[in-house]
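okay, sequence plus prediction incoming.
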Amino acid sequence: MPTEKLVKDLMRPLDQYYYVKEEETVQEALRFMNKARKENKPSCLIVVGKEPSEKEIIKGFVTPFELVFGIAGHFLKGAQRSGPIFWEGQLEAECLEGSKKQVGEIMVPIKACARETEMLMEAVFLLNKYQMDFLPVVKKDDVVGIIHLEDILKEISRIVLKK
């Protein structure tokens, strides 16, 4: 019977990602996201910040979803109260205003981590529980990579479609 792959077998190493500090602006995050796309890196930025002890740690992530809806957040909150009102130039105005926000305001904080030695089903469980597309992977207390739902789907396809 074949052995099942572990989280560490499918995780992507941290050097595939760009990092952005939580106090940097959304405009800076957009620059990193554009650079990642041009270099065929994952469209996920790792957000770092400092603990009270001054040690830099991973605080969260920014994906295209957070960039779009983080910028448009002010408009979307108003639209929920009174219904949407659109005008010419609105997207540009919202983008310019939203790009001044700090990354920490729009990032997705880390909700859970997968251990590198866990079976993939444990990662699937956590991804489902927290409605995430990826999870940080830890070895002891250090983040060593990220596992993506997309990579788990590739493994599922490999298992099911092999002949």
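Ah, there it is.

could you list the low-confidence segments of this protein?
1-2, 73-85, 87, 163 (pLDDT under 70).

would you map the helices across it?
Taking DSSP state H, the helices of the chain run over residues 7-10, 26-38, 64-71, 73-82, 90-98, 103-106, 120-129, 149-161.

single out the most deeply packed of the ones you listed.
helix 103-106 (a mean of 20; mean count of other C-beta atoms under 10 Å). Using the backbone N, CA and C atoms, a C-beta is placed for each residue, glycine as well.

can you name every helix or strand that it contacts?
Packing contacts for helix 103-106, counted by 3 or more C-beta pairs under 8 Å, 6 or more residues apart in numbering; DSSP states H and E, involve helix 26-38, strand 45-50, strand 56-62, helix 64-71.

need these in TSV with distance to residue 115, can you?
As requested, the helices and strands packed on helix 103-106 are arranged in TSV below (distance: least, C-beta to C-beta, whole Å):
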stretch	distance to residue 115
helix 26-38	26
strand 45-50	18
strand 56-62	15
helix 64-71	26
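
returning to what we had before: wait, which of the helices of the chain is closest to residue 54?
helix 103-106 (16.9 Å; C-beta to C-beta).

run the chain-centre distance for that closest one.
Relative to its chain's centre, helix 103-106 lies at 12 Å (C-alpha atoms, centre = their mean, to the nearest Å).
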